[in-house]
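Engineer: Predicted coordinates and the sequence they were generated for:
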Amino acid sequence: MSPSSIALVVICAIVALASALGFYAGTHRKMSLEQWTVGGRGFGPLLMWLLMAGEVYTAFSFLGASGWAYSRGAPIYYVLAYLSLGNVLAFFIIPAVWELGLKHGLQTQPDFFLLRYGSKYLAGFVAAVGVVFIIPYLQLQLTGLGIIVEIASFDRIGRTEAMVIAVAILAGFVLISGIRAVAWVSIPKDFLMLLAALTIGIWVPHHYFGGIGPMFTVLMRAKPTHLTMPGATHNLSHSWYISAVLLSAVGGYMWPTTFGATFTAKSADTLRRNTVILPLYTISLGFMFLTGFTALLVIPGLANGDLCLLTIVRKTFPAWMLGVIGGAGALTAMVPAAVLILTASTLFAKNLARPIFAPTMTDDGVAKLARLTVVALSLIALYISIHSSATLVSMLLLGYAGVAQFSPGVVLGLFWKRLKLAGVFAGLVVGVTCTTFLDLSGRDPLDSPFGNLSAGFVALCLNYGVTVVVSLLASIDFDEAK
Amino acid sequence: MPTRPSDANRPSLAALLLALIPFVAMCFSVSAWDRITPMVLGLPFNLAWLVSWIVLTSVCMYGAYRIETSRIARDSARRGANDSENSPE
């Protein structure tokens, strides 16, 4: 067999076996909306860990982390900091959210807003904003998947074909098994991704330079500025680092997907333990950086840094290993894509379509509409991914900046009693408008007009300011009216 | 009807202080540790610093976890004593 056929067979086998797990996960269960979206709130520590790790470590971790290390250098370290610190924040926030979820039967992030603030319009707005910012993140996964399969199959499967096949499979197991499919497919995905990260990150520097230490010594001499901030960029300085870490740490658990996934946990304690352990998983990303740095020395001059990991793997390893890595990479994109589609569909059907346009719809009707939305959304995401040329990094930052805007409503909502609906609504509108404006102005999302601060961070600060000030004003009016 | 936050959510000061440590170490103090030398176990200093702090973050949060779980157990015992109908979770 030719190397390309071997790689192709291995990729297909991995994707097929993992997908079979996904289809199997939901058989023998009646899929009510509660089962479909939050797995009947029965996930213990292990499934929970797999689900959370499955959602956080995405196609970006696979391609973007090495790609940034390759093209930008030290600023990529912000990923290590924000993933760890995001869990620190989550430790205080998500168990409290889970308690409310259990008591009041919450399934989604807008459900939380509806419960806390009592306005279906705010909840509908949160749902709409959630769906809008899920799309670039979904697009990131699909584009990443296309790149991975194309290179790993020696161009035997084209980018578009790979995306079409993967979307068909993942829409299938989402329709049948819901969130349970995602947790189960995460098992082979996490295992293979860890294996791939360790193998590549250790072997590649060893193969070319005799070890990680010698590789860094060579890199230090060849490109002395690459290994401290701002690295190969002119603007990713220390102030940028701090603002990007804070923004992303806050944004991490504000994704409607991650937020919704907390409701699958069996207990608040499961979630607390999970946030204590999850930072350790972040270390696996460090190995992706090592690969990116080695690639910079061995195969310099790639136009698109996102391709460096797979290019150096193809140059270094035998075909079957390329197949394993390609398969792992494909799953790493498919699992988050599946949960993004599932969540966006539930948000649309349950929190936007029913309360605002069709209040008489039954629960079964919502479940049916959510499944129809899965199909529609898969097609839309596919269309956008095929016709877009944005880089992975810009898609990621746009999504994080958008969803971080939910944090005043959640965090202050849990801990501050004087918070008012008007404040949250006004803050959210200002934050989202500001984020959208900064994006539409066509700027590099890393380059904000406010000195070296991440643009989304500025929007988030404005959002918090407006939320607090409007809430205080609203409570003064209330007292005087009395 | 909107639901108000309950005081049971409020974490203890000790747990919050423990959680502040990783923020200072990995985020705010960046200009103090963003350099290449001395290299540690073959890694540039800044990367070695962050990797160590990933582990230490888990250690800090384990401490916070111990503090918070005992506080929650105390709180629910007290609530159970005040209100006999309120079954402990």
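Structural biologist: Here it is on my side, so go on. Being a predicted model, the structure only gives us computed values, none of them experimental.

Engineer: Give the residue spans of chain B that score low on pLDDT.
Structural biologist: Across chain B, residues meeting the criterion (pLDDT under 70) sit at B:1-2, B:4-9, B:82-89.

Engineer: Tell me if the longest helix along chain A is near chain B.
Structural biologist: Using DSSP state H, we find that the single longest helix of chain A is helix A:159-209. No: judged by CB under 8 Å from any CB of the partner chain, helix A:159-209 stays clear of chain B, getting no closer than 9.3 Å. In this view, the C-beta of every residue, glycine as well, is placed from N, C-alpha and C.

Engineer: Show me the helices in chain B, by range?
Structural biologist: Going by DSSP H, chain B shows helices at B:13-23, B:30-33, B:45-82.

Engineer: Could I get those in TSV, plus columns for distance to chain A?
Structural biologist: Formatted as TSV, the helices of chain B follow (distance: least, CB to the nearest CB, whole Å):
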stretch	distance to chain A
helix B:13-23	5
helix B:30-33	5
helix B:45-82	4
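
Engineer: Show me the one of those that comes nearest A:Val185.
Structural biologist: Evaluated with CB to CB, the helices of chain B place helix B:45-82 nearest to A:Val185, the distance being 26.2 Å.

Engineer: and the closest one, which residues are buried?
Structural biologist: Buried residues in helix B:45-82, counted by 16 or more other CB atoms under 10 Å in any protein chain shown: B:45-51, B:53-54, B:56-58, B:60-61, B:63-65, B:67-68, B:71-72.

Engineer: Report the inter-axis angle for that helix versus helix B:13-23.
Structural biologist: Put simply, helix B:45-82 runs at 160 degrees to helix B:13-23, going by axes from the mean of the first three to the mean of the last three CA atoms, to 10 degrees.

Engineer: tell me what helix B:45-82 is packed against?
Structural biologist: Judged by 3 or more CB pairs under 8 Å, 6 or more residues apart in numbering or on different chains; DSSP states H and E, the packing partners of helix B:45-82 are helix A:78-104, helix A:268-281, helix A:283-298, helix B:13-23, helix B:30-33.

Engineer: what's the burial count for the residue of the stretch 301-450 of chain A found nearest chain B?
Structural biologist: Chain B sits closest to A:Leu414 of the stretch 301-450 of chain A, with a gap of 5.3 Å, by CB to the nearest CB. As a burial measure, A:Leu414 scores 21 neighbours (other CB atoms under 10 Å in any protein chain shown).

Engineer: can you confirm it is in a helix?
Structural biologist: Yes: with DSSP: H, G, I helix; E, B strand; the rest coil as the criterion, A:Leu414 is part of a helix.

Engineer: where does it land on pLDDT?
Structural biologist: Note on A:Leu414: pLDDT of 88.

Engineer: cool, A:Ile200 as well?
Structural biologist: Reported pLDDT for A:Ile200: 91.

Engineer: residues in contact with it?
Structural biologist: With contact taken as CB atoms under 8 Å, 6 or more residues apart in numbering or on different chains, A:Ile200 is in contact with A:Phe287, A:Met288, A:Thr291, A:Leu309, A:Val313, A:Ile325.

Engineer: Report the separation between the closest residue to the second one other than its chain neighbours and chain B.
Structural biologist: What that stands for is A:Met288. Computed as CB to CB, 6 or more residues apart in numbering or on different chains, the closest residue to A:Met288 that is not its neighbour in sequence is A:Ala65, at 4.0 Å. Using CB to the nearest CB, to the nearest Å, A:Ala65 is found at 13 Å from chain B.

Engineer: just A:Ser2 next, same as before
Structural biologist: Between A:Ser2 and chain B the computed distance is 38 Å (CB to the nearest CB).

Engineer: count of neighbours near that residue?
Structural biologist: Neighbours of A:Ser2 (other CB under 10 Å): 10.

Engineer: Over to A:Pro359?
Structural biologist: The burial count for A:Pro359: 8, using other CB under 10 Å.
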